[in-house]
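J.: Next come a sequence and a model predicted from it.
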Amino acid sequence: MSEESDAGSRLTAEEAVRAMLVTLPRLVSRAKRTPVPEQLRSLRLAPRHLSLLSCLIFDGPTSVKDLAARLEVAPTTVSLMVSDLRREGVVERRSDPDDRRRSIVSLPRCPS
């Protein structure tokens, strides 16, 4: 594909935002209708928990402070979410061996 034809098919920023705003409600509606897998139903997970879990899945173990920055929320909020998930056995929290004031959050290791 040439640069000219590629440039002709690009949306302006306003058009792209408009397209995203029109599409977003349909995506949210579809996601809300998707049933929660049986294994997760008893965990009482909220969407905010899923955002935190996705960070751990894709980025690996990390600190509460780094999670808060990625999720754009206060560290206190992340700490509360981690406590919820830890209680359910979904995540682990441990002290950073290099800095005992820092907590590292991770997914539990599955036995082999």
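T.: Yep, that arrived.
J.: just the strands in this structure please.
T.: Secondary structure of the chain (DSSP state E): strands located at 62-63, 92-96, 99-106.
J.: Need those in a markdown table (columns: mean neighbour count, mean pLDDT and distance to Val28).
T.: For the C-beta atoms, the positions are set from N, CA and C on the backbone; glycine is no exception. Shown next, in a markdown table, are these (neighbours: other CB atoms under 10 Å; pLDDT from 0 to 100; distance: least, CB to CB, whole Å):
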| stretch | mean neighbour count | mean pLDDT | distance to Val28 |
| --- | --- | --- | --- |
| strand 62-63 | 16 | 95 | 27 |
| strand 92-96 | 13 | 93 | 31 |
| strand 99-106 | 14 | 91 | 27 |
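J.: Would you agree Leu52 is in contact with Glu72?
T.: No: between Leu52 and Glu72 there is no contact, the gap being 11.9 Å when judged by CB atoms under 8 Å.
J.: how many other residues sit next to Val64?
T.: For Val64, the number of neighbouring residues by other CB atoms under 10 Å comes to 19.
J.: Could I get the contacting residues of Leu45?
T.: Applying CB atoms under 8 Å, 6 or more residues apart in numbering, we find Leu45 in contact with Val36, Leu53, Val90.
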